[in-house]
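**Q** Attaching a predicted model along with its sequence, questions to come.
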Amino acid sequence: MNRIVPLILAIALFMEQMDSTVISTSLPAIAHDIGVGPITLKLALTSYMVALAIFIPLSGWMADRFGAKRIFRAAILVFIVGSVLCAISNSLIAFVLSRFLQGMGGAMMTPVARLVLVRGAPRSELVSAMALLTIPALVGPLAGPPLGGFITTYFSWHWIFLINVPVGIAGYVLSGIYLPEMERRNPPPVDILGFLLGGIAASGIVFGLSVISLPALPTSVGIASVSAGIAATFLYIVHARRHPAPVLDLKLFRNSAFRAATIGGTIFRISVGAIPFLMPLMLQIGFGLNPFESGLITFVGAIGAITTKFLARRVLAFAGFRTTLIAAAVVGGVMTFANSFFTPATPYLLMISILLIAGFARSFFFTSINALSFAEIDDADASKATSMSAVLQQISLALGVAVAGAILEIQTSISGGPLNLEDFHIAFMIIAGANLLAAIPFLTMAKNAGASVSGHRLQMREVETTAGK
């Protein structure tokens, strides 16, 4: 495979990864321009994640049916169009729908890019190619907050979306020249009913929780949306049990390691999803910082996440999945609770240190949970597990934003005034509690669960052998 291929794919994915984080520091400025409150813009964050959750399961099928190269290039175009529409949006509805369109493009880009590499690269080159593809996932969250804050502070928030246009066009042209043509396959018919029920379930629950406390809409709208989402969830469960190839296979939950990883990971991500929404708003509204200054503080969590990637393998081999996950959940919860004591008088060095440790804990948790999810899954079910994990990841992150926004809205309705620092402190305390709950599913898990992947059993044997001597 031409070495430029992984680079082209990585650039496109960097655009998608960065755009998912770059908006967080710009929310107050965008809200001011389109005439809504900053909390209301949680709809823009959740719509992007819900779009990812809905369309990720279709990406593999579409790549097989129409060709991976064609779908990847189409996804870039959809993402570009969504970016332009975001930049020119002048109302909440237009902005939310534009973000949803962006999410549709992003949902196709990431899985299809991995598919292109897996099918096109020789096995001897796959590790190196995949290493290039992981760079956007590491650098995107790192560059997003300060870059978004810088552009918003010294130029205009519109440019955080418009810069995607030249990057996207370059990716589209280069992918047309260098990406290999992939052989089309004949996948089984797509589970259309399952896709529709899953989409209604995800969007109904997340949208309903997002708007249930918005003053602009009657509470009944949110309740009806959540009810429709819950009903669709139950209907999907019934449908998936009968369908021979459901879009999301619930039989995966029979595996105890996958079940624990999914439940614990979902709870943890709800907490984590709230933080990129709460922290920039607190720093700007509660502390009076500009977007660039808040971005320089919040991005340190990504530094902690990147550093942990080099340590995770050794830690898992030494401690195993169970101990690592429980410790990471507890440390993450404690550090999140510490955010509730931040004030303008708190030394920036202390704040950065706490955010850095929190980044370490979150990265250890996610690295461990992603590996544990597949530790006891057969190769034949790997693609199903990938789709299920990706969908639940986006839904839980979106729920985190929705829950955080609801907490703030309830606080302001109780106080009868505008957002203040105390409202954010209460929100962080509640989110920290959810963070700690993520440890519960692992308390009853065997100490050597997933040892074939973590190497923990081998590590224990070496220690016992050494002690015996």
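**A** Noted; the coordinates are in hand. All of these numbers come straight from a predicted model, not from anything done at the bench.
**Q** other SSEs contacting the one helix or strand I93 maps to?
**A** According to DSSP states H and E, I93 maps onto helix 92-120. Under the contact definition 3 or more Cβ pairs under 8 Å, 6 or more residues apart in numbering; DSSP states H and E, helix 92-120 sits against helix 4-22, helix 27-34, helix 42-66, helix 68-88, helix 123-154. In this view, the C-beta of every residue, glycine as well, is placed from N, C-alpha and C.
**Q** any idea which of those scores lowest on pLDDT?
**A** When the helices and strands packed on helix 92-120 are ranked by mean pLDDT, helix 123-154 comes last with a mean of 68.
**Q** roughly how far out does stretch 30-48 sit from the chain middle?
**A** 18 Å (Cα atoms, centre = their mean, to the nearest Å).
**Q** Over to stretch 151-164?
**A** Counting by Cα atoms, centre = their mean, stretch 151-164 is centred 22 Å from the centre of its parent chain.
**Q** pLDDT of stretch 222-240, averaged?
**A** The model assigns stretch 222-240 a mean pLDDT of 90.
**Q** got the buried residues for that stretch?
**A** Burial within stretch 222-240, assessed by neighbour count using 16 or more other Cβ atoms under 10 Å, is assigned to 222, 225-226, 228-229, 232-233, 235-236, 239-240.
**Q** mind checking which helix or strand S373 is in?
**A** S373 belongs to helix 348-375, assigned by DSSP H and E.
**Q** What separation is there between the residue nearest to Q394 when sequence neighbours are not counted and S294?
**A** Excluding its sequence neighbours, the residue lying closest to Q394 (Cβ to Cβ, 6 or more residues apart in numbering) is A53, at 3.9 Å. Remark: distance between A53 and S294 (Cβ to Cβ, to the nearest Å) = 28 Å.
**Q** cool, F95 as well?
**A** 21 Å.
**Q** So for the two, which residue has more residues nearby?
**A** Neighbour count, other Cβ atoms under 10 Å: between F95 and S294, S294 has more, with 27 against 24.
**Q** now the more buried one, nearest residue through space, not along the chain?
**A** L283 (3.8 Å).
**Q** Next, count neighbours for the one you found.
**A** L283: 25 neighbours (other Cβ under 10 Å).
**Q** So for the longest helix anywhere in the chain, mean pLDDT?
**A** If you go by DSSP state H, the chain has its longest helix at helix 382-415. Summarised as a single mean, pLDDT over helix 382-415 is 81.
**Q** Give me the most central residue, this structure.
**A** Note on the chain: the residue nearest the mean C-alpha position is Q394, at 5.1 Å, using Cα atoms, centre = their mean.
**Q** Just the terminal-to-terminal distance for stretch 149-166.
**A** In stretch 149-166, first residue to last residue: 20 Å (Cα to Cα, to the nearest Å).
**Q** Check the offset of that stretch from the chain's centre.
**A** Mean-position distance between stretch 149-166 and its chain equals 22 Å (Cα atoms, centre = their mean).
**Q** The host helix or strand of V167 packs against which elements?
**A** Assigned by DSSP H and E, V167 belongs to helix 164-178. Where contact means 3+ Cβ pairs under 8 Å, 6+ apart, helix 164-178 is packed against helix 4-22, helix 68-88.
**Q** I appreciate the help and will end here.
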